[in-house]
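In: the sequence and its predicted three-dimensional model are supplied below.
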Amino acid sequence: MTKRRKAVALISGGLDSMLAARVILDQGCHVEGLNFFTGFCVEGHTHAIRQREHKPIKRNNALWVAGELGIKLNFVDVVEEYKHVLIHPKHGYGANLNPCLDCKSFMVRKGYEWMRANEFDFLITGEVIGQRPMSQRRGTMPVIARESGAGDRLVRPLCAKHLAPTLPEREGWIDRDKLYAFNGRSRKPQIALAAKYDFKDYAQPAGGCCFLTDKQYSAKLRDLWRTRHSRDYALDDIMLLKVGRHLRPRPHFKLIIAREQGESNFLEGYRYQFTHLRTISHPGPLALVDGEVDTDDLRLAARLLARFSKGRLANTVHVQIAGHNQASWTMEVAPLTPSAIPGHWYL
Amino acid sequence: MSPRQTLDARHLLCPLPLIRVQDRVQTMLAGTLLEVSCTDPGTLHDIPTWCRLYGHRLLHTYRNDPLLVFTIEVSGAHAAPTDAPAPG
Ligand code: SF4
């Protein structure tokens, strides 16, 4: 009896990796999924933070994919290891701070390590040649296979016919004829294959799979690095960059102002780490102060926060200020006028 | 009564509650119970799906917004099957 081969699929939560896993499942292989948490994932976090009452509860798309396919999904926390990828990308960045090629190689390498540790036979991804300008080009496919160490145990079922046969194909573990030859940026072949499998309700992420492709997010991360004189970061740092308006009125401090109740609730969790402000005479958001500040700075911060409160047009607004030690006091301030807030304060 | 462990995943956002549950369950014996407290509403979808995929039994879900407490009975099936030889 032939042995049932085992493949590990990198599952992002998008359609391509879902299709790739399904194609290999259809060939009778045992498939399990891997999903990496870098801290920059668009998945989950912001949706969970900006939860509004009337919105449906946000699912984890990678887990949803696994549920639809009926495969196990292993989550891997790579926050610490990923720092090296982001801070020192061998192949540089894309349009923003996205080190896509290094990132792909890293994830395939982690997948390959998992494959070996768990005695699986090969690794699959949903990559398609030409789909993404930086990491999914014909020339980068062999780079990822080589630099990850996965070599010819890495199968890309959606574009395999454009690539040399891999070990699982040569050994007959999977049938090359039943793999695909997708190519280019069009999504039509994927959508047609999804229809064939009757996949509905799959996630359709706009842009990249993480915040590092986002211009504004990258600007905030650059600002963090510049002002701290270090590129190191903690998970809380990169989480906070996803939340609220960030304004830097002075080089030595910035203000993180919640945009809605969900964000205020989220920022509440950081009260003990930051000096924070809230308006008490009028409804308004919570704001955290990141940096060392004196009384003049706090007065400016309070005036700025008042501008984003319901008291923006009032003559004065009472703002409660609390330090790390939770000792609090109140300032009465005039809200800043819009013309007193220069555009460059916004990160 | 089955031994019971608790896990505090309050204030963690998706996918961190799942990661914490997964990592804890991997250290637990079949038949033991894990009571996990969460505040991310997404866990209402995710914890039941995850339990189903791994064959763990979700015995109880307690909801008192924003708190969610899931009681999971750990199955022996969490670890990947190891019936195939190592890749050669
Ligand atoms: S978009 Fe983000 S997660 Fe996706 S390959 Fe690029 S850096 Fe990695």
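Out: Thanks, I have it. What you see is a predicted model, and the numbers here were worked out from it, not measured in a lab.
In: and the helices in the chain?
Out: Using chain A here. Using DSSP state H, the helices assigned to chain A run over residues A:15-25, A:45-49, A:61-69, A:79-87, A:100-117, A:140-148, A:167-170, A:188-196, A:215-228, A:235-240, A:261-268, A:295-307.
In: correction: the question concerned chain B.
Out: B:16-25, B:43-54.
In: make a markdown table out of those helices and add distance to the ligand.
Out: To be clear about C-beta, it is placed using only N, CA and C from the backbone, and glycine gets the same treatment. Listed next are the helices of chain B as a markdown table, based on distance: least, CB to the nearest ligand atom, whole Å:
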| stretch | distance to the ligand |
| --- | --- |
| helix B:16-25 | 17 |
| helix B:43-54 | 20 |
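In: what residues are up against the spatially closest residue to A:Thr337 that is not a sequence neighbour?
Out: Distances taken as CB to CB, 6 or more residues apart in numbering or on different chains place A:Arg307 nearest to A:Thr337, at 7.8 Å, with adjacent residues excluded. Residues near A:Arg307 by CB atoms under 8 Å, 6 or more residues apart in numbering or on different chains: A:Pro335, A:Leu336, A:Thr337, A:Pro338, A:Ile341.
In: chain B versus A:Arg307, what's the distance?
Out: Per CB to the nearest CB, to the nearest Å, A:Arg307 is found 28 Å from chain B.
In: what pLDDT does that residue get?
Out: As summarised for this prediction, A:Arg307 has a pLDDT of 97.
In: how close does it sit to A:Pro251?
Out: 20 Å (CB to CB, to the nearest Å).
In: do A:Cys103 as well
Out: Distance check for A:Cys103 against A:Pro251: by CB to CB, it reads 31 Å.
In: least reliable of the helices of chain A by average pLDDT, please.
Out: Among these, helix A:45-49 carries the lowest mean pLDDT (a mean of 59).
In: skipping adjacent residues, who's closest to the residue nearest the centre of chain B in space?
Out: Centrality entry for chain B: nearest residue to the mean C-alpha point is B:Val21, 4.4 Å, by CA atoms, centre = their mean. The shortest distance from B:Val21 to any non-neighbouring residue, by CB to CB, 6+ apart, is to B:Val36 (5.5 Å).
In: from chain A, how far off is the one you found?
Out: Taking CB to the nearest CB, one finds B:Val36 at 14 Å from chain A.
In: who touches that residue in this structure?
Out: Taking CB under 8 Å, 6+ apart, one finds B:Thr6, B:Leu7, B:Asp8, B:Ala9, B:Pro17, B:Arg20, B:Val21, B:Arg24, B:Ile47, B:Val69, B:Phe70, B:Ile72 in contact with B:Val36.
In: so what pairs up with it in the strands?
Out: Assessed by DSSP bridges, B:Val36 has beta-bridge partners B:Leu7, B:Phe70.
In: let me see the confidence value for it.
Out: 98.
In: what is the burial count for A:Met115?
Out: If you count neighbours by other CB atoms under 10 Å in any protein chain shown, A:Met115 ends up with 23.
In: so what's it up against?
Out: Here A:Met115 is in contact with A:Val8, A:Asp121, A:Phe122, A:Leu123, A:Ala150, A:Arg153, B:Pro87 (CB under 8 Å, 6+ apart).
In: of those, keep whichever come out buried.
Out: A:Val8, A:Asp121, A:Phe122, A:Leu123, A:Ala150, A:Arg153, B:Pro87 (16 or more other CB atoms under 10 Å in any protein chain shown).
In: which of the contacts of A:Arg307 has the largest number of neighbours?
Out: A:Pro335 (25 neighbours).
In: coming back round to it: quick one: least confident of the contacts of A:Met115?
Out: B:Pro87 (35).
In: picking that back up, mind putting the contacts of B:Val36 in JSON lines, pLDDT included?
Out: Shown next, in JSON lines, are those (pLDDT from 0 to 100):
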{"residue": "B:Thr6", "pLDDT": "97"}
{"residue": "B:Leu7", "pLDDT": "98"}
{"residue": "B:Asp8", "pLDDT": "97"}
{"residue": "B:Ala9", "pLDDT": "95"}
{"residue": "B:Pro17", "pLDDT": "95"}
{"residue": "B:Arg20", "pLDDT": "96"}
{"residue": "B:Val21", "pLDDT": "97"}
{"residue": "B:Arg24", "pLDDT": "96"}
{"residue": "B:Ile47", "pLDDT": "97"}
{"residue": "B:Val69", "pLDDT": "98"}
{"residue": "B:Phe70", "pLDDT": "98"}
{"residue": "B:Ile72", "pLDDT": "97"}
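In: can you select the buried ones from those residues in PyMOL?
Out: A single PyMOL command selects the buried members of the contacts of B:Val36 (16+ other CB under 10 Å):
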select buried, chain B and resi 7+9+17+20+21+24+47+70+72
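In: show me what contacts residue 35?
Out: Picking chain A for this. With contacts defined as CB under 8 Å, 6+ apart, the neighbours of A:Asn35 are A:Leu10, A:Ile11, A:Ser12, A:Gly13, A:Ala62, A:Leu63, A:Leu73, A:Asn74, A:Phe75, A:Val76, B:Pro15.
In: that was the other one, I meant chain B.
Out: Counting by CB under 8 Å, 6+ apart, B:Glu35 touches B:Arg4, B:Gln5, B:Thr6, B:Leu7, B:Val69, B:Phe70, B:Thr71, B:Ile72.
In: what do you get if the cut-off is 6 Å, keeping everything else the same?
Out: Going by CB atoms under 6 Å, 6 or more residues apart in numbering or on different chains, B:Glu35 touches B:Thr6, B:Thr71.
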